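Undergrad: Would you be able to build a 3D model of this:
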Amino acid sequence: MVAIIVIATAYLAYIGYTYYNTPLEERFYHSQHKWFKPSGIYGHGLGIVGTLLILIGVTLYIARKRYNFLSKVIRLKYLLEFHIFLCTLGPIMVLFHTAFKFGGIVSIAFWSMVAVVLSGVVGRFIYIQIPRTLEGRELTLNEVKGLKTDLSTTINEEIEVDDQLKQLILGISNAEKPSYLEIRKLKNELIKKKFPKEDRNYILKLVKDDVSLTGKINRLLLMQKLFKYWHVAHLPFALIMLIIVIIHIAITLAFGYKWIF
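TA: Numbering: from 1, shown residues only. Alright, predicted model coming up:
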């Protein structure tokens, strides 16, 4: 999806480069002014398609998240990716619709849109830090803690280790942020004690998985808190953008701009 966004942006910039690179006061004399201007067939079309992409992306995601719409057809995490895709490509098309000319109420809508996109990127980062089920449901702290096992017992039951190795493994498992050197030290000890390669890889995998889960537990409460604060920033900007877009569309129709219809 990222590739599609990059290609689409590059294409839009390429075909309109000479027009967008022309000073605003001289664009009227450009040979393709009627085509690329915001009210032109091409420019106007970009605004309509871009706005529709945003509305579809927002509507589908809200319907799925709050009302379980299409819950049996598509997982929430995949729909989130689609939501991000549409709500990134849509604003880019709207940007080219404006022909990079901002003023009045349009500038408020544009910067609100920029704030929504940027906060969406931040929200996406926070979202992926929170452990979830395959369906996309957020795991509770107790559910995440329930995924942890007694690492030393697990290894002892399946591969016999001495007390020195057990203490080393427990030290890594209980550390808040185990370093790469500690993992490396464990690997060297396993080699030194002549553990078979298969057993070494298995023990290291268990330790790394346990460390990863410990990190997720430590981050969970912080990320849940940040996610709540994120909504405070993301939703108001989205509402401001929506209201201004509606006003913009109403004014456009009132002045008789109806595109190809």
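Undergrad: drop to CA atoms for contacts and neighbour counts, all remaining ones
TA: Fine.
Undergrad: Can you identify the element that follows the helix or strand hosting Tyr78 toward the C-terminus?
TA: Using DSSP states H and E, Tyr78 sits within helix 76-97. Downstream of helix 76-97, the next assigned helix or strand under DSSP H and E is helix 105-129.
Undergrad: Now do the buried residues in the helix or strand hosting Ile62.
TA: In the assignment (DSSP H and E), Ile62 maps to helix 41-67. By neighbour count on 16 or more other C-alpha atoms under 10 Å, the buried set for helix 41-67 is 42-51, 53-58, 60-61, 64-65.
Undergrad: Show me what that helix is packed against.
TA: When contacts are defined as 3 or more C-alpha pairs under 8 Å, 6 or more residues apart in numbering; DSSP states H and E, helix 41-67 packs onto helix 33-36, helix 76-97.
Undergrad: Show the average pLDDT along the helix ranked longest in the chain.
TA: As assigned by DSSP state H, the longest helix anywhere in the chain is helix 197-254. For helix 197-254, mean pLDDT rounds to 77.
Undergrad: Report all helices and strands that it contacts.
TA: Applying 3+ C-alpha pairs under 8 Å, 6+ apart, we find helix 197-254 packed against helix 105-129, helix 141-146, helix 151-158, helix 163-174, helix 180-192.
Undergrad: Could you export these as a markdown table, including distance to Arg75, mean pLDDT and mean neighbour count?
TA: Formatted as a markdown table, the helices and strands packed on helix 197-254 follow (distance: least, C-alpha to C-alpha, whole Å; pLDDT from 0 to 100; neighbours: other C-alpha atoms under 10 Å):
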| stretch | distance to Arg75 | mean pLDDT | mean neighbour count |
| --- | --- | --- | --- |
| helix 105-129 | 15 | 75 | 17 |
| helix 141-146 | 20 | 61 | 13 |
| helix 151-158 | 32 | 66 | 14 |
| helix 163-174 | 33 | 73 | 15 |
| helix 180-192 | 35 | 79 | 14 |
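Undergrad: what's the closest of those helices to Ile244?
TA: helix 105-129 (5.8 Å; C-alpha to C-alpha).
Undergrad: if we look at that closest one, which residues are touching it?
TA: Helix 105-129 is contacted from outside by 84, 87-88, 91, 95, 102, 216, 219-220, 223, 226-227, 230, 233-235, 237-238, 240-241, 244-245, 248, using C-alpha atoms under 8 Å, 6 or more residues apart in numbering.
Undergrad: Deepest in the core, which of the helices and strands packed on helix 41-67 is it.
TA: helix 76-97 (a mean of 21; mean count of other C-alpha atoms under 10 Å).
Undergrad: mind exporting it as CSV, just the C-alpha atoms?
TA: Extracted as CSV, the C-alpha positions of helix 76-97 are listed here (Å, rounded to 0.1, in the frame of the first residue of the first chain):
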residue,chain,number,x,y,z
LEU,A,76,-9.9,-5.1,12.5
LYS,A,77,-6.1,-4.8,12.1
TYR,A,78,-6.4,-5.3,8.3
LEU,A,79,-9.2,-2.7,8.1
LEU,A,80,-7.0,-0.3,10.1
GLU,A,81,-4.3,-0.7,7.5
PHE,A,82,-6.9,0.0,4.8
HIS,A,83,-8.2,3.0,6.8
ILE,A,84,-4.7,4.4,7.0
PHE,A,85,-4.1,3.8,3.3
LEU,A,86,-7.3,5.6,2.2
CYS,A,87,-6.8,8.4,4.7
THR,A,88,-3.3,9.0,3.5
LEU,A,89,-4.0,8.8,-0.3
GLY,A,90,-7.2,10.9,0.1
PRO,A,91,-5.4,13.9,1.6
ILE,A,92,-2.7,13.7,-0.9
MET,A,93,-5.2,14.0,-3.7
VAL,A,94,-7.0,16.8,-1.9
LEU,A,95,-3.6,18.6,-1.7
PHE,A,96,-3.2,18.4,-5.5
HIS,A,97,-6.8,19.5,-5.8
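Undergrad: Which strands and helices lie in contact with it?
TA: Partner elements for helix 76-97 (3+ C-alpha pairs under 8 Å, 6+ apart): helix 2-15, helix 41-67, helix 105-129.
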